[in-house]
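Participant: what shape does this take:
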Amino acid sequence: MISSILFVDDDPNLLGAYRRQFRKLYNVDTALGTQEGLAAVANGQYAVVVSDMRMPGMNGLQFLARVREISPATVHVILTGDAGLKSADRGAASQHVFRFLEKPCSRESLTKCLQEALEEHARISTAGRHCPIADGDSPFAALGSTQAG
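Facilitator: The predicted structure follows:
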């Protein structure tokens, strides 16, 4: 199972704090900004990506949409300093974002969220590996495929 977590933010001090706080608990990588984050995802496998919401170039939701294209099984968490993030924005993104957390976020809250996100990733990964259709074990596989003309 992949147990790596990627933190993406445009604040190098915050990334350093995440690294120090979580390096003994998880395999933690950090990326300064969205472009570095996309490069990291393209070159590695992450169970969880934690992204700041407001960054130059693209916001956290746009960034995580790109991450989803590269790594569909990765679980997404958004950290936002904007307590007033519209519920409509959260609702629209909720099908792809596992959790929204408001900054400042306590270490305990973030640790709990990361553990739950890792559990979600394990569930997704297990479901994907044992999906009868994906494995070709569909009861319809013996019928062969037909294409409509």
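Participant: what residues sit buried inside stretch 110-126?
Facilitator: Neighbour-count burial for stretch 110-126 flags 110, 113-114, 117-118, 120-121 (criterion: 16 or more other CB atoms under 10 Å). C-beta: built from backbone N, CA, C; applies to glycine.
Participant: which element follows the helix or strand of the chain with the lowest mean pLDDT toward the C-terminus?
Facilitator: Sorted by mean pLDDT, DSSP states H and E, the helices and strands of the chain end with helix 87-93, the least confident at a mean of 50. Going down the chain from helix 87-93, the next helix or strand is strand 99-102, by DSSP states H and E.
Participant: name the helices or strands packed onto the host helix or strand of Val77?
Facilitator: Under the criterion of DSSP H and E, Val77 resides in strand 75-80. With contacts defined as 3 or more CB pairs under 8 Å, 6 or more residues apart in numbering; DSSP states H and E, strand 75-80 has these neighbours: strand 48-52, helix 60-70, strand 99-102, helix 107-129.
Participant: so, low pLDDT: which residues of this structure?
Facilitator: Counting by pLDDT under 70, the chain shows low-confidence ranges at 1-2, 83-95, 128-149.
Participant: for the residue nearest the centre of it, what are its contacts?
Facilitator: In the chain, the residue lying closest to the centroid (CA atoms, centre = their mean) is His76, at 2.5 Å. Shown in contact with His76 (CB atoms under 8 Å, 6 or more residues apart in numbering): 48-49, 51, 64, 67-68, 96-98.
Participant: turn these into TSV, including distance to Asp11 and neighbour count.
Facilitator: Shown next, in TSV, are those (distance: CB to CB, whole Å; neighbours: other CB atoms under 10 Å):
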residue	distance to Asp11	neighbour count
Val48	19	25
Val49	16	28
Ser51	12	26
Leu64	18	27
Val67	19	25
Arg68	24	16
His96	24	13
Val97	20	19
Phe98	22	19
